[in-house]
Structures are given as structure tokens and as C-alpha cells.
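S.K.: This is a predicted model, with the sequence first.
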Amino acid sequence: MSNMKLHGMLRSYQTMLDSNQHQDMTQDEFINILIQSEWEERENKKICRHLRLARFRYGASIEEINFAKNRGLDKTQLMRLADTGFITRKENILITGATGVGKSYLASALGHQACHAGYKTLYFNTQKLFSRLKMLKADGSFSREIGRIEKYDLLILDDFGMAPLDNVARMFLLEIIEDRHGRKSTIIASQLPVAKWYEVIGESTVADAILDRMVHTAHRIELKGDSLRKK
């Protein structure tokens, strides 16, 4: 078992031998427990790997979200999104609200849910992503990185719209959204209301193309209330 890296099975086997639990089991029960233990071990490792690769900003969870009435957060809507069915359906989520109201935390919590459900997830601060892509464009590895991003089941773009996009960033965003449209899910969190995204993106033809793919069929969450950081 050790040489075959069946660590969950090995640990369960040793525990049952030490406690003599196996003596009261049928062979079928014994084998079932060993296989179940190995499956759980592998699932836990996969979840940990997804969480590590996602590089979340927060260690967030749905259970810790504040559903106070003044936040404008629909608990029914959020719990339906938390079951990760939107990823299966290739749907997007747009989270907006003033600074400090919990947009990044909420996006990260949904990302954690996705990881636990077995979906590969990637989190980026939008400005940092564009800066990284510009550097990769210079050294010739841009296409490989864009291809990598496209393969993730869920992409989270946080702090979108902090500054107007220049022409290079605008085309980066278009390529990312175009590659993922109808194939994968994306969450965008922004301080700006969706109505102002057109101005931030800039050039009208590109803005129309991006917003047409992202906005019209997306789930929207508009957070309200005072900054949670002050509290």
C-alpha cells in the first residue's frame, strides 16, 4: 500500500489492526472501509491542491458571510450560487458595491465552494493580472498563460475598474472573456456599478463585445451598507 501510495487505505488498515476492529467485520465491510478511506484521502488532497493553486486573497467561507438586511444580500440567491451549479451551466457572477462592503470576501467564498466541489479555480486582482500579462507579452509566454487561464473552471477577477483600461489591457480582457464565454464561468467584483463599466473599458466596439458576453445573462449581486472594515 505504501509503495503504491495508497496512504488513506494504509492509515485506515493500520488503525483497524491496532484496535482489532477488523475481527467483527465481514470481508466486504473491511474492503469497503479501506476503499472509502482511500477515496476520502484523495478527495482531500485534490481540494487542498485546488485551494493552493487558486491563490485566494481571503480564506473565506459561505458560513461566515453576514446576511444583515442593510447589506442587500439575498441569502436564497447566494445559497443557490454556493451549490456551484452556475459553474456547471457556464454562468457568470457580477458583484458590485462600495469599498469595504465585502465584495472580495464574497467572491473568495464562492471560489472556496468551487474548490471543495472539485472545480479548478483561479483568483486575480485585475490590475495585477494585466500587469503580469504585459510582462509575459514581452518575453513571449503570453499565449501559454492565456491558454492556462482559459482551462480553469472558475476565474475570479477582483477589483475590476479601479482605473480606466488602456488599449493593451482592453484587448487582454476581451481575449479572456471571449475564450471563456459559454465555456467556463467568471466572477467579476467591482466598486463601480455595472452601468459605468462601459466608460472604464473605453473603446466602444470592444466595450460592447465584452459587456455583451459578460453582463446580460450574469447573476448580479449588489452589496450595500457601510464598510465592514470600519467595524
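M.R.: Structure received. Numbering: from 1, shown residues only.

S.K.: Run through the neighbouring helices and strands of the longest helix that the chain contains.
M.R.: Ranked by residue count under DSSP state H, the longest helix found in the chain is helix 27-54. On a contact count with 3 or more C-beta pairs under 8 Å, 6 or more residues apart in numbering; DSSP states H and E, helix 27-54 meets helix 7-19, helix 103-116, strand 121-125. Placement of C-beta: from N, CA and C, glycine included.

S.K.: Which of the ones you listed sits closest to residue 155?
M.R.: Of all these, it is strand 121-125 that lies closest to residue 155, at 5.3 Å by C-beta to C-beta.

S.K.: Now do the closest one: which elements does it pack against?
M.R.: Contacts defined by 3+ C-beta pairs under 8 Å, 6+ apart place strand 121-125 against helix 27-54, helix 103-116, strand 154-160.

S.K.: could you redo the last one with a cut-off of 10 Å?
M.R.: helix 27-54, helix 103-116, helix 126-139, helix 142-151, strand 154-160, strand 185-190 (3 or more C-beta pairs under 10 Å, 6 or more residues apart in numbering; DSSP states H and E).

S.K.: Same list (the ones you listed) but as TSV, adding distance to residue 173, mean neighbour count and mean pLDDT.
M.R.: What follows is the helices and strands packed on strand 121-125, written out as TSV (distance: least, C-beta to C-beta, whole Å; neighbours: other C-beta atoms under 10 Å; pLDDT from 0 to 100):
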stretch	distance to residue 173	mean neighbour count	mean pLDDT
helix 27-54	20	14	92
helix 103-116	17	23	96
helix 126-139	8	15	92
helix 142-151	11	14	93
strand 154-160	8	25	96
strand 185-190	10	24	96
